[in-house]
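Enquirer: sequence-free structure coming up:
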Ligand code: URA
């Protein structure tokens, strides 16, 4: 690590300590600010590529104040367009529960969701309620749209083609599915009456009816970072917006104090296989990794870069 990187790391650590103590602003002279603006954005590169990097453990208590303060600028590289910030989804999370109470509450929530009959048309067509998968202690939560046919069949989110791509993305980050949590805005597959195949987007009513279960899941999981996969996930978490994912992606948003990164849905990457589109999602994931203080190695830095 160069002297500059050591200084940068020490400065970031100091600022994060201050933020954890509730300090939201620090005075900076205009000369220092000019100096900082001249420095290129840097990220720490771990010395050797590794295929599986343990995620640093969850901090014992990450305060709502720390979460509310502005996330750092995208460390991966300059954003291609000016940041677009949607109004933060309001409120803060309830206090964390003790581990045993959390486990019991998660189980009770999953039982309630699995027995849900709020959308009679979906109850009639569903094979399974797809509650979510992963660890309730995850630092990172992925949110998708709704189960498809494979997910309905197996009762697990993101197991079809798009899901397999999501799994690869998670693995490329050096993680596996049981180190994160994966859920959807809708827990039942949107029905497709009169059609033997295909999917449809959830309606606004279905989303409004189902999303409280996800809110409760998030209250319990209390992830440090969330990723919204595609427009429906962004809408379900932050509300309807006229700004499309193409402009939102790469720019941090806030869901009840939790930093949220919108990115393309993996199904989009299956339809559009251009390396440039894969790279965009990958840059969003590196931004997420940086936020979680996960190391990024040389190999990871280079994924989907066209020469
Ligand atoms: N697409 C989603 O949004 N969620 C799934 O679980 C599967 C595919």
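Expert: Happy to help now that I have it. These numbers were taken from a predicted model, which means no experiment stands behind them. Numbering: from 1, shown residues only.
Enquirer: can you name the residue of the stretch 51-200 of the chain nearest to the ligand?
Expert: residue 144 (2.9 Å; CB to the nearest ligand atom). The way it works is simple: take the backbone N, C-alpha and C, and place the C-beta from them, glycine included.
Enquirer: could you double-check that that residue lies in contact with residue 265?
Expert: Yes - between residue 144 and residue 265 there is a contact under CB atoms under 8 Å: 6.8 Å.
Enquirer: identify the contacts common to the two.
Expert: 229-230, 232-233 (CB atoms under 8 Å, 6 or more residues apart in numbering).
Enquirer: can you give me the strands for the stretch 101-250 of the chain?
Expert: 133-134, 140-144, 181-184, 225-229 (DSSP state E, counting those that start in this stretch).
Enquirer: comparing those, which comes out most buried?
Expert: Scoring these by mean neighbour count under mean count of other CB atoms under 10 Å gives strand 140-144 as the most buried, with a mean of 28.
Enquirer: list the contacts of it.
Expert: 55, 157-158, 166, 170, 175, 179-185, 214, 218, 221, 223-230, 232-233, 236-237, 265, 288, 292.
Enquirer: show me the beta-bridge partners of the most centrally placed residue in the chain.
Expert: What sits nearest the mean C-alpha location of the chain, by CA atoms, centre = their mean, is residue 227, with 1.7 Å. Going by DSSP bridges, residue 227 is paired in beta bridges with residue 142, residue 261.
Enquirer: ok, it to the ligand distance?
Expert: 12 Å (CB to the nearest ligand atom, to the nearest Å).
Enquirer: tell me the contacts of that residue?
Expert: 140-143, 260-263, 284-285, 288.
Enquirer: now swap in residue 139 and tell me
Expert: Residue 139 touches 55, 58, 180, 223-225, 292, counting by CB under 8 Å, 6+ apart.
Enquirer: okay, those in TSV with pLDDT and distance to the ligand next?
Expert: Below are the contacts of residue 139 laid out as TSV (pLDDT from 0 to 100; distance: CB to the nearest ligand atom, whole Å):
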residue	pLDDT	distance to the ligand
55	76	22
58	76	25
180	98	14
223	98	17
224	98	22
225	98	19
292	98	22
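Enquirer: restricted to buried residues, select those in ChimeraX.
Expert: Buried residues within these, by 16 or more other CB atoms under 10 Å, are selected in ChimeraX with:
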select :55,180,223,224,225,292
